[in-house]
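Peer 1: I'd like to go over a predicted model; first the sequence, then the structure.
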Amino acid sequence: MQYFKLIRSGIDPQPFLAEIAAVDGAWDLSTGRQDKIAVQREALAIPLRGLKKSAINGRKRRDVHESRWTTASALYPRARRFLEETAEALDCLLSRAKIVSLPAGKRVYPHIDRGEYYRLRGRYHFVLRSTAGSWLKAAEEEVRMKEGELWWFDNDQMHEAFNDGDEDRIHMIFDLLPRAKAHLAFPEVAAAAQAPAA
């Protein structure tokens, strides 16, 4: 396959699901994704890491590289630790992250994630719950991701998702910036690191 790659399997999703279940109204605390992004209107989200608004400085949101932990992410220490450990294991910098629920019979409509932010990063899906297997399509390729699997996929391609199961499908979705590309996202940091000591 060209647009999908299985990174890991056999990860126990239950501790992550228990962490979500322990938060009252977890899916109702932030509705910006379904309210503002038309192709995501049927999905619910728990933002863990988001765009650093103070870094926008006139740029389009899709071109802002800086991200930060959300306040609510403190309620999900296990998820945060998983994200940090995965980024480290793959020699990447952690960027934006969220937990997403796609209810039975609902879909994420076809789209391409455009902009400088996405161009430099890899998109990852960790499947926490999906009884039927999570169907995802990128370009002409289709996969069914299973619970406990971590996948990379190419979100520079036209992609879509559909939950044809009979219960909510829950994924942790996150972006990783390879350290080898960090200087492209943060040239000022790279320049400072190479400057001679005073």
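Peer 2: Ah, there it is.

Peer 1: Give me the below-cutoff pLDDT ranges for this structure.
Peer 2: Within the chain, the ranges that satisfy pLDDT under 70 run 30-37, 189-198.

Peer 1: Longest helix in it, please.
Peer 2: helix 77-89 (DSSP state H).

Peer 1: where exactly do the helices run in the chain?
Peer 2: 14-21, 32-36, 77-89, 116-120, 182-185, 187-194.

Peer 1: Buried ones in the longest helix of the chain, by neighbour count?
Peer 2: Buried residues in helix 77-89, defined by neighbour count with 16 or more other CB atoms under 10 Å: Ala79, Arg80, Phe82, Leu83, Thr86, Ala87. Every residue, glycine included, has its C-beta placed from N, CA and C.

Peer 1: Grab the most central residue of this protein for me.
Peer 2: By CA atoms, centre = their mean, the chain has its centre lying nearest to Phe174, at 2.1 Å.

Peer 1: ok, what's across the strand from it?
Peer 2: Following DSSP bridges, Phe174 is listed with bridge partners Ala97, Tyr124.

Peer 1: picking up where we left off before, of the buried residues of helix 77-89, which is the nearest to Asp63?
Peer 2: Set against Asp63, the nearest of the buried residues of helix 77-89 by CB to CB is Ala87 (21.4 Å).

Peer 1: on that earlier part again, what's near enough to touch the residue nearest to the centre of the chain?
Peer 2: Leu48, Arg49, Leu83, Thr86, Leu94, Ser95, Arg96, Ala97, Lys98, Arg123, Tyr124, Phe126 (CB atoms under 8 Å, 6 or more residues apart in numbering).

Peer 1: tally of neighbours for the closest residue to Asp63 other than its chain neighbours?
Peer 2: Closest residue to Asp63 apart from its sequence neighbours, by CB to CB, 6 or more residues apart in numbering: Glu116 at 4.3 Å. Using other CB atoms under 10 Å, the number of residues around Glu116 comes to 15.
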